[in-house]
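Please find the sequence and the predicted model below.
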Amino acid sequence: MEEVKTMEKASDEAMDAVQYIVVKIGNEQYGINIQYIDNIVRNQRITRVPKAQSYYKGVINLRGEIIPVMSIRLKLGLEDDNYTDKTRIIIIKVDGATIGVIVDQVKEVVTLESTDIETVARSGSLVGSGYISAIGKSNDELISLLDIVALIEES
Amino acid sequence: MDVSQYLEIFIDESNEHLQSLSDQLMILEKEPENSDTINEIFRAAHSLKGMAGTMGYKRMQNLTHDMENVFSEVRNGNMKVTSDLVDVLFQCLDALEEYVNNIQETQDEGTNDNEPIIKALNAFIASENKDAAPAEEKQEQQAESAPAEKLQADEHGISMELADFEKNAVNEALKKGMHVYEIKVTVDENCILKAARAFLVFKNLEGHGDIIKSDPSVQDIEDEKFDFDFQIVILTEESFDDIIKIIKNVSEIKDADGEEITKAFPEEKTEEEPKEEKTEEKAKQASKAQSSNDKKDANGSKKPAGAKQQAANSKAKPVGHTVRVDIEKLDVLMNLVSELIIAKNGLVSASSEEGSESINQSFNEQIEYLERVTTNLHESVMKVRMMPIESVVSKFPRMIRDLSKKLDKKMELYMSGEDTELDRTVIDEIGDPLMHLLRNSADHGLESAEVRKERGKSEVGSIFLDAYQDGNNVVIEVRDDGNGIDIEKVKSKAIEKGNITEEQAAIMSDKEVIDLLFKPSFSTSDKVTDVSGRGVGLDVVKSKIEALGGDVEVKSVYGEGSTFIIRLPLTLAIIQALMVKLGDEKYAISLGSIQTIEDIPVSEIKYVHAKEVIHLRGNVIPLIRLRELLDVPGEQEEQENITVVIVSKGDKQAGLVVDSLIGQMEIVIKSLGKYININKMISGATILGDGSVALIIDANTLV
């Protein structure tokens, strides 16, 4: 309970409206806080890195910088990516480091008021729920808001 | 006076002087009668004192002043150089270094008066000679000569401060019967191009006399860094009125006025003459020292290092023109060069992809030209970033001397290859690891005098520090002729500490045992000393050197000594590489570690301990199948011949089996970031001409 309280408090403080980019992975919608997003690029040739963590697909060249690319599917314990022409790599900046995250599709940008956001208890029942910080509601649809820092920092 | 702008110069020069003092003191201790060295020391101490005084660092000035007194006594032959005296002087250097460090960090010298050291110094003087007092007074006078000069200047009605050579020029002119005028020129306040007007004044006066001084300086005037007036001192044969007229002829000059200087500056006998004498004397002594050194050399000198250093010192060093540049600016330059090379690689690959008809000859020529330019540009930028390793190792002789006293072991440090150059970033980091290794050699490596005698070695232990370039690597070896590593002792210690079990110990190779030394918190020394033995040495050394992209290797023979070999990459950013193909993937291997490339029939592969090897010109070389090592997807087709890239590290070799070769390429090394785990054998990535990414294989980790 203590945790829920502090989280509510935190989201109260963090202003009322936050923008999220809604992406599709499988049949579910996930939201990524826009403040971490540097860029969204089309899927491109990924160079495999031997002996890296299995959820890292490899590295890409983004305007002369080498960026590691992570499969969010593998990280969340879903089946492997199936690249289509809707596949995108979302370039995320955390702590001065840049990382790419592969998603099936990028849908839209939504603005969520704090009243639209419900915190979730971190139960182990949902797959990959450890990386979900809250659930957002927009147009009667549910969006799982990703805890992007936890997703990237934990190895 | 605002001195902040000089602070950097002050710190740099102070450090230089301190280093030179330290070097010379080492020599002096061995050759107490070497007057050349004493003069050198005196000069460095004097400059330090002057600089500290100018910058207003009183404590530093006081300490150097007292040091100078001692040196002056030594120089005058009133005092003998003893080991105790050198000890105290080294303490002084440490104290001075502390001042300089404080100044560097806080712009303040700190509050430590270092009275015990000053007292010790004075005690030396007092015990040696009572004549010290007048000498001291003389020093005092010299120190005060700067303000005194100003006073003299005032007497002469010149409001500007003149440097010595300018005063001499004035005196010369007066002797020749020329006139000396100090003139104040005022420019019209509505004048737009002040600098241009001032320039005209200078130009018009040029034909009529010599302007020896201006305030502000000519440079500042050219840059318009003056209000509406400036002053000049001119030596001329023409009358005052004529000169004023010439100046006023320039339009928009409002006024010009001044006065004639008729009185010559007093010749500074006290300052000038002895100085000249001194230099003469010094030159004589230098040549004497030189010849005596030569003689010594011929007799098979015992101290080649010392003699060499002296010879180098007495020769005037040619000083090149230098500019101090912020390392960040160089980084930017380096990044731009990297970009340029990537762009060039893009062009190269575009030109080879297109149909041969569409590309005309001149296009290819231009690409080749561009290639040449970028390679040269890269080399020059790299060279700018290179520094001789000397700046790091020069403090080690002093350290070994201190260790020798502290540990009560006789030892000597021999260094070679101090001029070997390394990237600036590496230079900054390499000092600590080297220091650890040297301390290690001194403390653990060298035996006590009794043991050495028993083993038939010279009582004085030797530690060697050798640096040299080896292909794309710089190798630094720290070697001692001491005890060597006692494999059994390391084993039993490791078992005792629970690092390994007895069964493990029984089957471990010597190399694996030595590797235990690099584990955190492992020390075989029975007692913890100030110097080492806490076990926080070798693992730090290893991690630091690996962070720089290098590695450490140990060779040791029990009873004869050990050698620590540090191998560092010469460049950090751009290398020449061989591009190879494995399945669909491309990899780069640094050209520096490649020896040859061989086509080997499959039938010639032999097996030793169930491992593949080949015989090549009398060497047995283990094969490494890169496809398997790097988990490359897909199967390799059956082939009659395999392509083997022979790589070497030191005297070891390995053969890397690849699918095919692409060619040689200049590549820019980029990091993969901190989140993705990369194996040690991947040293980075690079961007190819077509924009794709290729990984770089660090062959050193495979051998």
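Looks like it came in fine.

neighbouring contacts of whatever helix or strand B:Ile234 lives in?
If you go by DSSP states H and E, B:Ile234 is part of strand B:229-236. Residues from elsewhere that reach strand B:229-236 (C-beta atoms under 8 Å, 6 or more residues apart in numbering or on different chains): B:158-160, B:162, B:166, B:169-170, B:173, B:178-187, B:198, B:202, B:205, B:208-216, B:221, B:243, B:258, B:261. No exception for glycine: its C-beta is placed from N, CA and C like everyone else's.

residue contacts, B:Gly484?
B:Gly484 sits next to B:445, B:556-562 when contact means C-beta under 8 Å, 6+ apart.

tell me which element the residue sitting furthest away from the middle of chain B is part of?
Going by C-alpha atoms, centre = their mean, the residue of chain B most distant from its centre is B:Asp241, 57.0 Å out. Under the criterion of DSSP H and E, B:Asp241 resides in helix B:240-249.

need the residues of chain B near chain A, please.
Within reach of chain A by C-beta under 8 Å from any C-beta of the partner chain, chain B has these residues: B:339, B:342, B:585, B:629-633, B:670-679, B:682, B:685, B:687, B:691-695.

Can you turn the buried part of the residues you listed into a PyMOL selection?
With 16 or more other C-beta atoms under 10 Å in any protein chain shown as the criterion, this PyMOL line picks the buried residues out of the residues of chain B next to chain A:
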select buried, chain B and resi 342+585+629+630+632+670+672+673+675+676+678+679+682+685+687+691+692+693+694+695
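
In helices, which of the residues of chain B next to chain A appear?
B:339, B:342, B:629 (DSSP state H).

Could you dump the residues you listed into TSV and include pLDDT?
Formatted as TSV, those follow (pLDDT from 0 to 100):
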residue	pLDDT
B:Glu339	81
B:Ile342	82
B:Leu629	89
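
Please tell me I have it right and B:Pro216 contacts B:Lys225.
Yes - proximity of B:Pro216 to B:Lys225 meets the contact threshold set by C-beta atoms under 8 Å, at 5.9 Å.

which residue does the stretch 1-150 of chain B bring closest to chain A?
Minimum separation of the stretch 1-150 of chain B from chain A (C-beta to the nearest C-beta) falls at B:Glu105, amounting to 26.4 Å.

where's that residue, which helix or strand?
B:Glu105 belongs to helix B:83-106 when assigned by DSSP H and E.

before we move on, back to that, and the helix holding B:Asp241, what does it pack against?
strand B:179-187, helix B:194-206, strand B:253-261 (3 or more C-beta pairs under 8 Å, 6 or more residues apart in numbering or on different chains; DSSP states H and E).

Tell me which of those is the most buried.
Stretch with highest mean neighbour count among the helices and strands packed on helix B:240-249: strand B:179-187 (a mean of 20; mean count of other C-beta atoms under 10 Å in any protein chain shown).

And for B:Asp108, the neighbour number?
10 (other C-beta atoms under 10 Å in any protein chain shown).

Next step: the residues of chain B next to chain A restricted to strands.
Secondary structure assignment by DSSP state E places B:585, B:682, B:685, B:687, B:693-695 of the residues of chain B next to chain A in strands.

Out of those, which comes closest to B:Pro569?
Distances from B:Pro569 to those, taken as C-beta to C-beta, are shortest for B:Ile682 (14.6 Å).

Just give the nearest non-adjacent residue to the closest one, would you?
Nearest non-adjacent residue to B:Ile682, counting by C-beta to C-beta, 6 or more residues apart in numbering or on different chains: B:Leu695, 5.2 Å away.

quick one: that neighbour and B:Ser352, what's the gap?
22 Å (C-beta to C-beta, to the nearest Å).

What ranges does chain A have for its strands?
Counting by DSSP E, the strands of chain A are A:17-25, A:28-33, A:37-42, A:56-62, A:65-71, A:88-94, A:97-103, A:105-113, A:117-119, A:132-138, A:141-146.

residue contacts, the residue most central in space within chain B?
Geometric centre of chain B, nearest residue: B:Ser391, 3.2 Å, by C-alpha atoms, centre = their mean. B:Ser391 sits next to B:Ile427 when contact means C-beta under 8 Å, 6+ apart.

in a helix, that's where it is, yeah?
Yes - under DSSP: H, G, I helix; E, B strand; the rest coil, B:Ser391 sits within a helix.

pLDDT score for it?
pLDDT, B:Ser391: 82.

and what of B:Ile614?
91.

That one: helix or strand, and which one exactly?
For B:Ile614, the element it lies in under DSSP H and E is strand B:611-616.

can you count the residues close to the residue nearest to B:Ile427 when sequence neighbours are not counted?
Spatial nearest neighbour of B:Ile427, excluding adjacent residues (C-beta to C-beta, 6+ apart): B:Met387 at 4.9 Å. Neighbour count of B:Met387, defined by other C-beta under 10 Å: 16.

any idea what sits nearest whatever residue of the stretch 501-650 of chain B ends up closest to chain A, other than its immediate chain neighbours?
Per C-beta to the nearest C-beta, B:Leu630 is where the stretch 501-650 of chain B lies closest to chain A, at 4.1 Å. If you skip the residues right next to it in sequence, B:Leu630 has A:Pro50 as its closest partner in space, 4.1 Å away by C-beta to C-beta, 6+ apart.
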